[in-house]
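> The amino acid sequence is not available; the structure is as follows:
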């Protein structure tokens, strides 16, 4: 069964304190792993797509990496405006759908 | 810059009532989908469409109907609302072939009493 597990469920950081969010997955024929950011009361907003193990992508203070079993979202020197829920999703091979994890709620305090 | 527009933002229904959640996109995307988001469970796919006249079921389709008569619109119908359908509903659209990057609406918060 295709499955996505994110950890931790919630993370509290001080401004400038770097950390990583984890996304573990089991999927038949991965056709892409996606990271989204979701602010309270809003829809998810696309961040990254990763396709193969070893791939990395960066955007400002965020860097996403991918292995054969998991992905990490590294946050370097976070700011309060990085506070949000971060969602991970995978697309199984042959299916027009995304399977989402439950998300990690990140709070960055000044 | 409308993107994906969902209406209404909030709705309260009584058990057994029916209603339609509206979704429209102005990006000429072939792929459109409906998700529901419940605490601790992540987003779950209800129905999706890869083009006008084509729809298919997702993970949790029971109690919901969809149709796709135009590229722009993808309404979600609740036939007979139940308390288990209390949730936040999101519509999303994307490019047809790969739909790698989904664009989400701002959501509809539905409560069924």
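In hand now; what should we look at? Here the structure is a predicted model, which is why all the values come from computation and not from measurement.
> C-alpha from now on. contacts and neighbour counts both.
Will do.
> does the closest residue to chain A within chain B have beta-bridge partners, and which?
Nearest residue of chain B to chain A (C-alpha to the nearest C-alpha) works out as residue B:42 at 3.8 Å. Note on residue B:42: beta-bridge partners by DSSP bridges are residue B:38.
> Mind listing the residues bridging to residue A:57?
Here residue A:57, judged by DSSP bridges, has bridge partners residue A:64.
> re earlier: the residue of chain B closest to chain A and residue A:41, how far apart?
15 Å (C-alpha to C-alpha, to the nearest Å).
> next structured bit after whatever helix or strand residue B:44 lives in?
Under the criterion of DSSP states H and E, residue B:44 resides in strand B:42-51. Note on strand B:42-51: by DSSP H and E, the next helix or strand toward the C-terminus is strand B:54-57.
> For that following strand, buried residues please.
If you call a residue buried by 16 or more other C-alpha atoms under 10 Å in any protein chain shown, then strand B:54-57 has these buried ones: B:55, B:57.
> low pLDDT regions in chain B?
B:1, B:96-99 (pLDDT under 70).
> Need the residue closest to the centroid of it.
The residue lying closest to the centre of chain B (C-alpha atoms, centre = their mean) is residue B:34, at 3.0 Å.
> relative orientation of the helix or strand where that one lies and strand B:42-51 in degrees?
Using DSSP H and E, the element containing residue B:34 is strand B:31-38. Computed by axes from the mean of the first three to the mean of the last three C-alpha atoms, to 10 degrees, the angle separating strand B:31-38 from strand B:42-51 equals 160 degrees.
> helices and strands around strand B:31-38, which ones?
With contacts defined as 3 or more C-alpha pairs under 8 Å, 6 or more residues apart in numbering or on different chains; DSSP states H and E, the packing partners of strand B:31-38 are strand B:42-51, strand B:87-94.
> Quickly check: the last one near chain A or not.
Yes: in terms of C-alpha under 8 Å from any C-alpha of the partner chain, part of strand B:87-94 sits within range of chain A, namely residue B:90.
> Sheet-wise, list the partners of that strand with their directions.
Strand B:87-94 pairs in its sheet with strand B:31-38 (antiparallel), strand B:103-104 (antiparallel), strand B:108-112 (antiparallel), by DSSP bridges.
> Next up, the contacts around the single nearest residue of chain A relative to chain B.
For chain A, the residue closest to chain B is residue A:102, as judged by C-alpha to the nearest C-alpha, at 3.8 Å. Neighbour list for residue A:102: A:5-6, A:9, A:87, B:39-43 [criterion: C-alpha atoms under 8 Å, 6 or more residues apart in numbering or on different chains].
> For PyMOL, write the selection for the buried entries among those residues.
A single PyMOL command selects the buried members of the contacts of residue A:102 (16+ other C-alpha under 10 Å):
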select buried, (chain A and resi 5+6+9+87) or (chain B and resi 42+43)
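> ok, and what's touching stretch A:46-64?
Contact with stretch A:46-64 is made by A:30-37, A:65-68, A:71-78, B:100-103, as judged by C-alpha under 8 Å, 6+ apart.
> Mind checking the pLDDT average for it?
For stretch A:46-64, mean pLDDT rounds to 95.
> Quote the end-to-end distance of it.
Terminal residues of stretch A:46-64 lie 13 Å apart, using C-alpha to C-alpha.
> Any buried residues in it, and which?
Result for stretch A:46-64 [16+ other C-alpha under 10 Å]: buried residues A:46-51, A:56, A:62-64.
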